[in-house]
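Undergrad: need a structure here:
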Amino acid sequence: MEGTRMPVTSSERRELRVRAAVGTSTAADSVQAGTEAATAALAGLGDDQPALIIMYASIRYDLAALLHTVRRLTAPTPLVGATSSGHFQDGILTVPGAGVSVLALTAGGYRFGTASVTGVREHATQAGQQLARAARAAAGPRHDRDAAMILLATGLSGHQQELLNGVHKVVGAKVPVVGGSAGDDRLLERTCVFDGDRLLTDGGAVAIWVDSPWPLNVVADHGWEAVSLPLLVTKTDGQVVCEIGGRPAADVFREHFDPDAPQRKPGLVRPAPGYLSAYAFGLIEPDGTRLIRGAYLDGDGRLRTFTPLPPYAAVQIVTCTSADLLGVIDDVVHEAVVGRDPSVLLAFSCVARLDVLAEQGPVEASMIQEAAGEMTTFGFYTYGEFARTTRVAGYHNATLTAIAL
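TA: Okay, the predicted model is just below:
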């Protein structure tokens with residue numbers, strides 16, 4: 001019985017540790033970049049056989065050629081991944097617009113199962129259910145083990161929370177979910193996820209089921225602070241927020257801008273006319289915490305979010321500084337690894353954080369590595385982050401999320 005299972009000792013944890021190795025390339029040619037990154041990752045494992053490959057890459061590559069090259073070197077090991085808006089590894093930031101990064105992992109004490117779905121745009125909840133069942137089945141039969149799920153979805157479908165809802169219907173509150181939405185170097189045109197040798201464009205999602213001999217911690221924090229009292233969203237139309245407290249939502253949003261604070265336009269191309277990356281919504285959770293949802297004013301003056309706000313949601317308008325964002329890193333890393341001796345930290349950060357950090361962008365990656373110590377660190381900049389623990393809600397913007405294996 002699970003309730004009578006003996007705890008894993010510290011010596012057993014060390015014996016069951018995964019080995020992790022990263023390979024990167026910023027070569028312009030897709031075949032060369034894929035060859036360099038995959039070869040270095042595999043070489044880092046020495047004689048050990050990989051059990052899982054994770055890859056992040058710029059959308060600027062010929063992705064079919066890139067993926068074919070990496071699979072030629074790594075197959076039949078399962079591979080998942082996503083296009084990014086920048087990625088980071090071992091404390092080094094690869095800025096948006098170039099580069100591929102490959103992580104090779106041994107199994108250690110874990111069992112990995114991978115799966116993918118399409119149709120997130122049309123049937124997000126059903127797609128989430130199908131994905132959770134398929135990834136869980138691919139990991140093999142469970143024997144009183146703990147589990148977590150790593151989720152990567154294409155970033156422009158606008159239905160990420162509904163995808164999580166479907167996952168929750170299958171796995172419940174016990175299995176935490178972490179991950180991110182694919183980016184495309186801030187172009188907002190086309191994002192992709194990878195499953196083996198398959199490229200899935202908008203409407204696709206991939207997952208890694210992680211069967212574990214011990215509980216895994218999924219952690220999220222953001223550093224944003226409220227600049228408004230609690231407010232009630234009284235009318236929405238999809239991703240457009242029409243009214244807050246019965247008043248025009250755009251007017252209420254603007255009222256909380258600090259006229260003396262310098263505002264940086266972000267690198268995002270389409271929302272740039274009205275998107276101030278230092279303001280967002282904090283969706284108030286039952287325990288009083290705030291789940292961040294990005295917002296911007298479009299060219300017609302309408303207030304939009306990247307995923308729909310729930311009708312009659314309680315929110316606060318929030319803002320942040322670079323120091324606020326960097327200030328949560330130590331706690332996120334500590335909570336992800338506490339009580340264990342992991343080998344790798346998988347982190348997911350938002351391109352909106354990169355926008356606010358501006359010239360301090362590389363500092364986040366270096367601080368994550370400093371907090372992680374000798375662990376390998378591996379992550380990418382997303383169009384939204386997943387971190388769902390005990391509740392159904394778990395889709396974030398402008399947030400740092402993590403899990404350690």
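Undergrad: Next, name the residue at the spatial heart of the protein.
TA: residue 180 (2.2 Å; Cα atoms, centre = their mean).
Undergrad: Which of the three states applies to it?
TA: Of the three states, residue 180 takes strand according to DSSP: H, G, I helix; E, B strand; the rest coil.
Undergrad: Quick check: beta-bridge partners of it?
TA: For residue 180, the beta-bridge partners under DSSP bridges are residue 152, residue 385.
Undergrad: That one reaches residue 387, doesn't it?
TA: No - contact criterion Cβ atoms under 8 Å: residue 180 and residue 387 do not qualify, at 9.5 Å. (Each C-beta comes from the backbone N, C-alpha and C, glycine too.)
Undergrad: what residues are shared contacts of these two?
TA: Common neighbours of residue 180 and residue 387 (criterion: Cβ atoms under 8 Å, 6 or more residues apart in numbering): residue 401.
Undergrad: Residue 369 reaches residue 22, doesn't it?
TA: No - with contact defined as Cβ under 8 Å, residue 369 does not count as touching residue 22 (11.5 Å).
Undergrad: Which neighbours do these two have in common?
TA: In contact with both residue 369 and residue 22: residue 90, using Cβ under 8 Å, 6+ apart.
Undergrad: quick one: the helices in the stretch 101-250 of the chain?
TA: For the stretch 101-250 of the chain, the helices defined by DSSP state H, counting those that start in this stretch occupy 124-138, 160-171, 249-255.
Undergrad: mind checking which of those helices is nearest residue 88?
TA: Distance to residue 88, taken as Cβ to Cβ, is lowest for helix 160-171 among the helices of the stretch 101-250 of the chain, at 21.7 Å.
Undergrad: Who are the packing partners of that closest one?
TA: helix 124-138, strand 146-153, strand 177-181, strand 385-388, strand 395-396 (3 or more Cβ pairs under 8 Å, 6 or more residues apart in numbering; DSSP states H and E).
Undergrad: Go ahead and name everything in contact with the shortest one.
TA: Applying Cβ under 8 Å, 6+ apart, the contact partners of strand 395-396 are 160-161, 164, 220, 222, 291-293, 307, 350, 384-388.
Undergrad: Show me what it pairs with in its sheet, parallel or antiparallel.
TA: Sheet pairing of strand 395-396 (DSSP bridges) gives strand 385-388 (antiparallel).
Undergrad: Let me see the mean pLDDT of the strand it pairs with.
TA: Across strand 385-388, the average pLDDT comes to 96.
Undergrad: sorry, back to before: now the helices and strands packed on helix 160-171 as a markdown table including distance to residue 342?
TA: Formatted as a markdown table, the helices and strands packed on helix 160-171 follow (distance: least, Cβ to Cβ, whole Å):
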| stretch | distance to residue 342 |
| --- | --- |
| helix 124-138 | 21 |
| strand 146-153 | 12 |
| strand 177-181 | 14 |
| strand 385-388 | 17 |
| strand 395-396 | 22 |
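Undergrad: Nearest to residue 227, out of the ones you listed?
TA: Of all the helices and strands packed on helix 160-171, strand 395-396 sits nearest to residue 227, with 18.8 Å by Cβ to Cβ.
Undergrad: Run me through the strand neighbours of whichever helix or strand comes after the closest one, direction for each.
TA: Of the helices and strands lying after strand 395-396 in sequence (DSSP states H and E), the nearest is strand 400-404. Partners of strand 400-404 in the sheet, by DSSP bridges, are strand 219-221 (antiparallel), strand 344-350 (antiparallel).
Undergrad: before we move on, back to that, closest to residue 278 out of the helices of the stretch 101-250 of the chain?
TA: So among these, helix 249-255 is nearest, using Cβ to Cβ, at 12.5 Å.
Undergrad: Pairing partners for the following helix or strand past that closest one, with directions?
TA: Going down the chain from helix 249-255, the next helix or strand is strand 279-284, by DSSP H and E. The strands that strand 279-284 pairs with in its sheet are strand 290-297 (antiparallel), strand 314-319 (antiparallel) (by DSSP bridges).
Undergrad: on that earlier part again, residue 288 versus the residue nearest to the centre of the chain, what's the distance?
TA: Using Cβ to Cβ, to the nearest Å, one obtains 25 Å as the distance from residue 180 to residue 288.
Undergrad: Check residue 105 too.
TA: From residue 105 to residue 288 the distance is 37 Å (Cβ to Cβ).
Undergrad: So which of the two has more stuff around it?
TA: For residue 105 against residue 288, the residue with the higher neighbour count under other Cβ atoms under 10 Å is residue 105, and the figures read 27 against 6.
Undergrad: wait, what's in contact with residue 245?
TA: For residue 245, the contacting residues are 231, 232, 234, 252, by Cβ under 8 Å, 6+ apart.
Undergrad: what about residue 75, how many neighbours?
TA: Residues near residue 75, counting by other Cβ under 10 Å, number 12.
Undergrad: quick one: contacts for it?
TA: Residues in contact with residue 75 (Cβ under 8 Å, 6+ apart) are 196, 197.
Undergrad: what's the pLDDT at it?
TA: On the pLDDT scale, residue 75 is placed at 96.
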